[in-house]
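*Asks:* 3D model of this:
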Amino acid sequence: MNRIDERLGEMKKRGEKALITFLTAGDPNLEFTKKAIKIMEDEGVDLIEIGVPFSDPSADGPTIQAADMRALEQGTDIFKVFDMVSEIRADISIPLVFLLYYNVIVQYGADAFFKRCAEAGIDGLVIPDLPFEESGEIKEFTEKYGVYQINLVSPTSRDRIEKIAKGSKGFLYCVSSLGVTGEKSSFNTNFEEFFAVINKYSAVPACVGFGISNGKQVRELAAYCDGAIVGSAVVKAIASGESDPEREKALREKLRDLKSGI
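*Replies:* Numbers count the residues shown, from 1 in each chain. Prediction:
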């Protein structure tokens, strides 16, 4: 069974809310990324998204864009990220998901890429620039290697929500609002209406992301669905430290704040 089903699927059955966090691989370096992943598991995070740095991350706001640039300047690439995941996987049981852009898969070679995901212990992929309607391009590889493509829906998906929700595996990534990633002070989306449609059709956990930055917002938004996804606020916390001990302290403080909302 895929680790996402084991963790988030079982939590959904028990009515428990999930906390999913994101970090950029290689920011500030891959050794700290390994430390951060272990800290996230220790602090009770339920699934981790690992951002594969990309030169043109179109779905990401300035915080994650800057993290991508810092990671790329360190020479971080998909090969090194795979090696890092392989090294840490033996020490952690938490589900791991890559967030990456489709060109990375194309350049690597789809079959070889999914095979390496399975070998390294990656459980799923969030691919912002590969729409659900085009997911057939990788379907044979997701099925062959048991690595899920995590589908995204947004408030503008409307009549597509039923189709996307019914075709989802692992969990459904529900985008809170239009635009790119980044912390928000408030949300204009009618979440009651949005999730009424999603929960009608989705058999997998539905988790909301984009803009969530603190425990209060986690509590408010998770009330509508199965969990919350936090990216920019975590990346910002890591970037706030000048040394590893400072980064670790800031990361733990942010995670405990976020976890307080679950």
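*Asks:* how far is the helix or strand containing residue 82 from where the chain is centred?
*Replies:* Residue 82 is part of helix 78-89, with elements assigned from DSSP states H and E. Here helix 78-89 is found 17 Å from its chain centre; the criterion is CA atoms, centre = their mean, to the nearest Å.
*Asks:* now swap in stretch 164-175 and tell me
*Replies:* Put simply, stretch 164-175 sits 13 Å off its chain's centre (CA atoms, centre = their mean).
*Asks:* buried set for that stretch?
*Replies:* Along stretch 164-175, the positions that meet the burial threshold by neighbour count (16 or more other CB atoms under 10 Å) are 164-165, 168-175. For every residue, glycine as well, the C-beta is placed using N, CA and C.
*Asks:* for the stretch 101-250 of the chain, just list every one of the strands.
*Replies:* For the stretch 101-250 of the chain, applying DSSP state E, counting those that start in this stretch gives strands covering 124-126, 148-150, 152-153, 172-175, 206-209, 227-230.
*Asks:* how about those in JSON lines, adding mean pLDDT and distance to residue 18?
*Replies:* What follows is the strands of the stretch 101-250 of the chain, written out as JSON lines (pLDDT from 0 to 100; distance: least, CB to CB, whole Å):
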{"stretch": "strand 124-126", "mean pLDDT": "98", "distance to residue 18": "14"}
{"stretch": "strand 148-150", "mean pLDDT": "97", "distance to residue 18": "13"}
{"stretch": "strand 152-153", "mean pLDDT": "94", "distance to residue 18": "17"}
{"stretch": "strand 172-175", "mean pLDDT": "95", "distance to residue 18": "12"}
{"stretch": "strand 206-209", "mean pLDDT": "95", "distance to residue 18": "6"}
{"stretch": "strand 227-230", "mean pLDDT": "96", "distance to residue 18": "3"}
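*Asks:* out of these, nearest to residue 249?
*Replies:* With CB to CB, the closest approach to residue 249 among the strands of the stretch 101-250 of the chain belongs to strand 227-230: 17.8 Å.
*Asks:* summarise which helices and strands that closest one is packed against.
*Replies:* strand 18-24, strand 206-209, helix 215-222 (3 or more CB pairs under 8 Å, 6 or more residues apart in numbering; DSSP states H and E).
*Asks:* list the contacts of residue 152.
*Replies:* 126, 128, 132, 164, 172-175 (CB atoms under 8 Å, 6 or more residues apart in numbering).
*Asks:* what bridges to it?
*Replies:* Using DSSP bridges, the beta-bridge partners of residue 152 come out as residue 173.
*Asks:* the most centrally placed residue in the chain: what secondary structure?
*Replies:* Nearest to the mean C-alpha position of the chain, counting by CA atoms, centre = their mean, stands residue 49 at 3.3 Å. In three-state terms, and counting by DSSP: H, G, I helix; E, B strand; the rest coil, residue 49 is strand.
*Asks:* what does the model give it for pLDDT?
*Replies:* You'll see residue 49 listed with a pLDDT of 98.
*Asks:* try residue 187
*Replies:* 66.
*Asks:* same check on residue 179?
*Replies:* 48.
*Asks:* give me the phi and psi for residue 122.
*Replies:* Backbone dihedrals for residue 122, given as degrees, to the nearest 10, come out at phi -90, psi 130.
*Asks:* same check, this time on residue 261
*Replies:* Dihedral pair for residue 261: phi -90, psi 0, per degrees, to the nearest 10.
*Asks:* that one contacts residue 213, doesn't it?
*Replies:* No - using CB atoms under 8 Å, residue 261 makes no contact with residue 213, being 10.7 Å away.
*Asks:* shaky segments in the stretch 151-262 of the chain?
*Replies:* Applying pLDDT under 70 to the stretch 151-262 of the chain flags residues 177-188.
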